[in-house]
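> Following is a predicted model, sequence given first.
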Amino acid sequence: MKKMLAFALSLAIAMTLGVSALAEKTSVTFWHSMGGAGGEAIDKIVSDFNAMNPDIEVTAEYQGSYDDAITKLKSAVTSNQGPEIMQLYDIGTRWMIDSGYAVTMQEVIDRNGYDVSQLEPNIAGYYTVDGTLYSMPFNSSTPIMYFNANLLQAAGLDPQNPPANMEELEAACVALTNGDVTGMSFRVYSWFFEQYCSKQGLEFANNGNGRTDAATAVAFDENGAGLTLFNWLNDMNTKGLNANFGRDDTATITAFAAGKIGFVFGSTASLTSILKAVNGAFELGTAPLPDLVTGVNGGVSIGGASLWMMNKGDDSSKDAAWKFIEYAVSPEVQVYWHEMTGYFPVTVKAYDLDEMKTHLEASPLFKTAIDQLHASPVEAHGALLGVFTEARGIIESNWENMLGGNMTPQQAISESAAAINSAIEMYNFANE
């Protein structure tokens, strides 16, 4: 009887301790916008972290597109029901800073003694304003040029030396365009517009691209960055050297994979999906974005998203959230993330790992974007704008009108600038 009582007492104590341990577990909700392979990778990262940290339970919740996630966040924060960690796309940075919803990452990393020099400076630079890192880079990419090496070779071009500037690209497109093959397809996507401002070493918006102070107007209309690009694109379209699928990325890649297009432009994060679409039908090549103006020391700016720590006023959840964020950007995890998605590792130490070296040796196409990023000046970190989502839609609409013959390049630029400036004015007034 004594043994049974002792066993029962031990069991009761064990159960009590178990319940207590469970109750002490800190919960962290992580909202993200990664579907497909990215979503699967996040689930694995979260699962591995939880297994290594029994006192923390991170729950990853897919919220749809970046825009959908922002809409949900606005509703949730009013009742303090939002996540502890929020994945937000790059162009939402200014809005998030102004909202006051988040704790600056700088505050957290200073408290924990994190060495920011571990991060890629070209990537961290985008999310840094006045020396303050506002969010932790996570999934970062840049645009590159993809090409059909077989088509180039058949046209007498050297796939080992793809076009390095727009003059060379136009000449290659002339050689390629024949019958049902068109030289290139340059998708109507404002991210590319922004990149070609940066490639020219010029600003998209005033006040140092909205970094020395909040932007009050765009700059691409007055500094000529937008018109130079639109003049070239319009000329290529008029000459029949550009297959125009508008904003439809799927149609562009489908035509490219079918061998109908010589050159297309896309994110480095699209490499895996483009390889699957091509499916060995031809040899795929990658190259840096060609220079629009030869001799200009510009560069590319990153796209993608970062991780924000939301201000929920709970130190224990902040500490737990930081622990997960630090894990998510560790070299080993970032190599896994890169292999699964094509996004850059955000930490420099990832490149020292044997797994990363082996991966790049086996998959050299991934190296193009990495080399392009490292060759870009740190100053090429893109604009911050509170109305970036609206700005992109305005530019793309007028871009389509230009290609459709309804606007001149100058009209497309002028009308885009006027509409965006109006949106900026209203946004700044609301945030005074």
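The structure has been received and is ready for your questions.

> So for the chain, the centremost residue is which one?
Closest to where the C-alpha atoms of the chain average out (C-alpha atoms, centre = their mean) is Gly304, at 1.2 Å.

> and that one, that one's in a helix?
No: assigned with DSSP: H, G, I helix; E, B strand; the rest coil, Gly304 falls outside any helix and is strand.

> isn't it right up against Ile91?
No: taking contacts as C-beta atoms under 8 Å, Gly304 lies outside contact range of Ile91: 10.3 Å. Placement of C-beta: from N, CA and C, glycine included.

> Going by neighbour count, which residues in stretch 45-53 are buried?
45-46, 49-50, 53 (16 or more other C-beta atoms under 10 Å).

> circling back to that earlier point, ok, the residue nearest to the centre of the chain - contacts?
89-90, 137-141, 269, 343 (C-beta atoms under 8 Å, 6 or more residues apart in numbering).

> most neighbours, which of those residues?
Within those, most neighbours by other C-beta atoms under 10 Å means Pro137, with 29 neighbours.

> surely Ile261 meets Ser185?
Yes: Ile261 is within contact range of Ser185, at 4.9 Å (criterion: C-beta under 8 Å).

> out of those two, which sits in the more crowded spot?
Each of Ile261 and Ser185 has its neighbours counted (other C-beta under 10 Å); Ile261 has more, 27 against 21.

> What's opposite that one in the beta bridge?
Beta bridges link Ile261 to Thr182 when assigned by DSSP bridges.

> Please report how far it lies from Gly183.
If you measure Ile261 against Gly183 using C-beta to C-beta, to the nearest Å, the figure is 8 Å.

> Strands along the stretch 1-150 of the chain, start to end?
26-32, 56-62, 85-89, 102-103, 128-129, 132-133, 136-141, 143-148 (DSSP state E, counting those that start in this stretch).

> ok, Phe263 - contacts?
Shown in contact with Phe263 (C-beta under 8 Å, 6+ apart): 145-148, 163, 169, 172-173, 176, 183-185.

> Mind listing the shared neighbours of Ile261 and Ser185?
243, 252, 255.

> Now, those residues that are in helices?
Counted as lying in helices by DSSP state H, out of these, are 252, 255.

> what's the nearest residue to Tyr101 if we skip its chain neighbours?
Distances taken as C-beta to C-beta, 6 or more residues apart in numbering place Val77 nearest to Tyr101, at 5.4 Å, with adjacent residues excluded.

> Relative to Tyr66, how far out is the one you found?
To Tyr66, Val77 is 16 Å away according to C-beta to C-beta.

> about what we covered before: just checking, the residue nearest to Tyr101 touches Trp308?
No: under the criterion of C-beta under 8 Å, Val77 is not in contact with Trp308, lying 11.7 Å apart.

> So these two - more neighbours on which side?
The neighbour count for Val77 versus Trp308, taken as other C-beta under 10 Å, is higher for Trp308 (31 against 19).

> for the nearest residue to Asn242 once chain neighbours are set aside, what are its contacts?
Nearest residue to Asn242 in three dimensions, chain neighbours excluded: Met236, at 4.4 Å (C-beta to C-beta, 6+ apart). Applying C-beta under 8 Å, 6+ apart, we find Met236 in contact with 170, 173, 183-184, 186, 242.
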